[in-house]
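Asker: Sequence first, then the predicted structure:
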Amino acid sequence: MQGRDAGELVDQIDAMIEMNGITHERDGLNLNPATNVMNPRAEEILGSGIGSRPSLGHPGEKYEMGLTWLEDIEVTAQALAAETFRADFAEIRVGSGAMANLYVFMACAQAGDAVIVPPASIGGHVTHHQAGAAGLYGLDIHEAPIDVENHTVDVDGVADLARRVQPKVITIGTSLNLFPHPIEALREIADEVGATLMFDAAHLSGPIAGGSWPDPLARGAHVMTMSTYKSLGGPPSGLLVTNDATIAERVDAIAYPGLTANFDVASSASLAIALLDWRDFGSTYAKRMHDTAAALAHELIELGVPVHRTERGVTESHAFAIDASALEGNTAGGHELALRLEACGLLASAIGLPKDIGTANASGLRIGTNELVRWGYQKRHMAALASLIAEGITSENPKLVMSRVATFRRGHRDVHLVHDHRPRDRYHDHRVAGSRSAGRRRR
């Protein structure tokens with residue numbers, strides 16, 4: 001970049017931003033459960049300028065002056081997070097879900113201690129594994145045996161493994177959660193061996209907040225971590241909640257004066273707006289995510305698409321998977337299929353399935369409905385969407401499918417199930433999508 005004109009580079013960056021918006025918000029449909037669209041007001045707050053201000057110290061004890069209002073934002077966001085997830089303590093000074101996991105590992109274990117984690121074959125996340133936070137912190141990682149029919153860990157196998165390796169932390173919660181995990185049974189195992197049970201709600205934070213997924217803390221998890229930008233639809237950050245005062249105290253010390261110190265208060269304010277949406281619209285949003293996922297999976301099965309299923313069914317969450325390896329001519333699995341669908345304007349991602357045990361494959365294609373619902377899609381739209389997906393899987397003309405996807409995308413430009421927090425004189429060109437929710441006109 002040396003020697004290039006600054007104005008030229010700025011124009012290039014602006015063009016990249018514009019093209020990203022066209023891809024995600026005008027012509028394409030995001031079926032990836034790891035992403036979402038934000039409340040427009042929450043999104044605008046990220047650029048408000050308050051994120052550049054220092055935030056070192058606890059509210060009421062900041063080192064720099066003039067931070068009274070930012071302290072109030074911090075306290076408000078923390079209280080809303082605790083309320084939303086029915087927890088006694090919430091830690092909002094976390095840069096990502098991965099960092100939230102690291103905070104728990106640091107608070108509850110030391111380098112060299114054993115941990116038991118879900119394997120990639122049921123969607124276990126890299127942060128629990130050698131290449132992620134657990135491995136970088138130096139933990140001794142043991143993959144749990146799995147229960148294929150319930151797409152989770154095998155309780156008896158975890159119990160045997162725990163008695164043998166004496167873990168300090170047992171983790172549960174994955175990147176593809178199809179059925180509720182055996183939290184109560186895992187808590188019994190954790191208590192027996194003196195371990196902390198951590199629930200990773202990176203993908204389930206929205207359904208948990210909205211009440212369509214069983215509450216892990218109420219069922220026995222010691223602590224719950226999450227990303228805030230996936231099903232929760234908040235800013236790109238992390239969150240940690242717990243009812244355990246000792247864990248909360250240790251995490252607080254890691255956040256300050258440990259690893260976080262100064263943090264982005266704009267993200268905290270943005271999170272507060274997102275959590276208010278969940279307080280007032282969460283149950284509707286969570287139910288629609290669940291209903292549309294079930295409907296879309298059913299329609300795909302009717303069209304002959306090999307949706308991953310067990311004897312228990314396809315899914316009880318907002319996400320499910322297509323078994324890409326069962327498609328004729330597909331030899332590379334989920335990522336090959338994701339690339340094929342991307343060319344059609346349908347955005348998804350690969351995921352491991354139980355058949356991948358012992359291999360490096362990710363034979364599944366993960367589908368989620370969290371962003372679809374935010375754009376106003378409901379059950380009645382899923383037959384048409386399933387037809388587009390099925391056509392995209394087999395079509396030799398992806399540009400034709402892309403044009404049909406763009407047509408299907410029209411009429412869904414407004415964000416639903418969010419509060420309208422914007423002054424009317426500044427945002428007079430935005431439309432309200434529903435009697436109690438605001439929408440935004442996108443590109």
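Answerer: The structure has been received and is ready for your questions.
Asker: quick one: the helices in the stretch 51-200 of the chain?
Answerer: Applying DSSP state H, counting those that start in this stretch to the stretch 51-200 of the chain gives helices spanning 68-84, 97-108, 133-136, 155-165, 183-193.
Asker: Out of the ones you listed, flag the one nearest K399.
Answerer: Proximity to K399 (Cβ to Cβ) singles out helix 97-108 among these, at 35.8 Å. C-beta: built from backbone N, CA, C; applies to glycine.
Asker: any idea how far the nearest residue to I45 once chain neighbours are set aside is from G21?
Answerer: Nearest residue to I45, sequence neighbours excluded (Cβ to Cβ, 6 or more residues apart in numbering): S270, at 4.5 Å. From S270 across to G21, the span is 18 Å (Cβ to Cβ, to the nearest Å).
Asker: More neighbours: which of these two?
Answerer: Each of S270 and G21 has its neighbours counted (other Cβ atoms under 10 Å); S270 has more, 30 against 13.
Asker: Next up, the contacts around the more buried one.
Answerer: By Cβ atoms under 8 Å, 6 or more residues apart in numbering, S270 lies in contact with 38, 42-43, 45-46, 234-235.
Asker: What's the per-residue pLDDT of it here?
Answerer: pLDDT, S270: 97.
Asker: so it sits in a helix?
Answerer: Yes: the assignment for S270 is a helix, going by DSSP: H, G, I helix; E, B strand; the rest coil.
Asker: can you count the residues close to the nearest residue to T76 once chain neighbours are set aside?
Answerer: Residue nearest to T76 in three dimensions, not counting chain neighbours: A272, with 5.5 Å by Cβ to Cβ, 6+ apart. Counted by other Cβ under 10 Å, the residues lying close to A272 total 22.
Asker: can you give me the strands in the stretch 101-250 of the chain?
Answerer: 114-117, 140-143, 146-147, 152-153, 169-172, 196-200, 223-227, 238-242 (DSSP state E, counting those that start in this stretch).
Asker: Which members of the contacts of S270 are classed as buried?
Answerer: If you count burial by 16 or more other Cβ atoms under 10 Å, the buried members of the contacts of S270 come out as 38, 42-43, 45-46, 234-235.
Asker: How much space separates A348 from Y229?
Answerer: Counting by Cβ to Cβ, the gap from A348 to Y229 is 17 Å.
Asker: Let me fix that, I meant to ask about T407.
Answerer: From T407 to Y229 the distance is 28 Å (Cβ to Cβ).
Asker: Comparing the two, which residue is more hemmed in?
Answerer: Taking neighbours as other Cβ under 10 Å, T407 and Y229 compare with Y229 leading, 25 against 11.
Asker: what's the pLDDT at V432?
Answerer: 35.
Asker: nope, H428 is what I was after
Answerer: H428 is assigned 34 on the pLDDT scale.
Asker: Nearest to E328 among the contacts of S270?
Answerer: Closest to E328 out of the contacts of S270 is M38 (39.1 Å), distances taken as Cβ to Cβ.
Asker: Is it correct that the closest one falls within a strand?
Answerer: No: under three-state DSSP, M38 sits outside any strand and is assigned coil.
Asker: ok, it - contacts?
Answerer: Going by Cβ under 8 Å, 6+ apart, the list of residues near M38 reads 229, 233-235, 270, 274, 415.
Asker: for stretch 72-90, which positions count as buried?
Answerer: For stretch 72-90, the neighbour count (16+ other Cβ under 10 Å) marks 73-74, 76-78, 80-82, 84-85, 87, 89-90 as buried.
Asker: Could you export those as JSON lines, including pLDDT?
Answerer: As requested, these are exported to JSON lines (pLDDT from 0 to 100):
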{"residue": "I73", "pLDDT": "97"}
{"residue": "E74", "pLDDT": "97"}
{"residue": "T76", "pLDDT": "98"}
{"residue": "A77", "pLDDT": "98"}
{"residue": "Q78", "pLDDT": "98"}
{"residue": "L80", "pLDDT": "98"}
{"residue": "A81", "pLDDT": "98"}
{"residue": "A82", "pLDDT": "98"}
{"residue": "T84", "pLDDT": "98"}
{"residue": "F85", "pLDDT": "98"}
{"residue": "A87", "pLDDT": "98"}
{"residue": "F89", "pLDDT": "98"}
{"residue": "A90", "pLDDT": "98"}
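Asker: Any chance of CSV for the residues you listed, columns distance to A295?
Answerer: Below are the buried residues of stretch 72-90 laid out as CSV (distance: Cβ to Cβ, whole Å):
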residue, distance to A295
I73, 39
E74, 40
T76, 37
A77, 34
Q78, 37
L80, 31
A81, 31
A82, 34
T84, 27
F85, 28
A87, 32
F89, 38
A90, 34
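Asker: Pick out whichever of the residues you listed sits closest to G28.
Answerer: The closest of the buried residues of stretch 72-90, once distances to G28 are taken by Cβ to Cβ, is T84, at 29.9 Å.
Asker: And that closest one, how far from H203?
Answerer: Distance from T84 to H203, counting by Cβ to Cβ: 16 Å.
Asker: before we move on, what about R187?
Answerer: Note on R187: its distance to H203, by Cβ to Cβ, is 21 Å.
Asker: More neighbours: the two, which one.
Answerer: It is H203, of R187 and H203, that has more neighbours when counted by other Cβ under 10 Å, with 28 against 19.
Asker: Over to that one: give its phi and psi.
Answerer: Backbone dihedrals for H203, given as degrees, to the nearest 10, come out at phi -100, psi -10.
Asker: residue contacts, it?
Answerer: H203 touches 33-34, 173-177, 227, 230-231, 319, 368, counting by Cβ under 8 Å, 6+ apart.
Asker: if we go to 7 Å?
Answerer: If you count contacts by Cβ atoms under 7 Å, 6 or more residues apart in numbering, H203 has them with 33-34, 175, 177, 230-231, 319.
Asker: Kindly report the same for V126.
Answerer: Going by Cβ under 7 Å, 6+ apart, V126 touches G132.
Asker: now do I141
Answerer: For I141, the contact set (Cβ under 7 Å, 6+ apart) comprises 115, 117, 129-130, 134-135.
Asker: how about a cut-off of 8 Å?
Answerer: Counting by Cβ under 8 Å, 6+ apart, I141 makes contact with 114-115, 117, 128-130, 134-135.
Asker: now the helices for the stretch 301-443 of the chain?
Answerer: 334-342, 370-374, 382-394, 398-409.
Asker: so where's the stretch 201-350 of the chain shaky on pLDDT?
Answerer: Scanning the stretch 201-350 of the chain with the threshold set as pLDDT under 70 gives 330-332.
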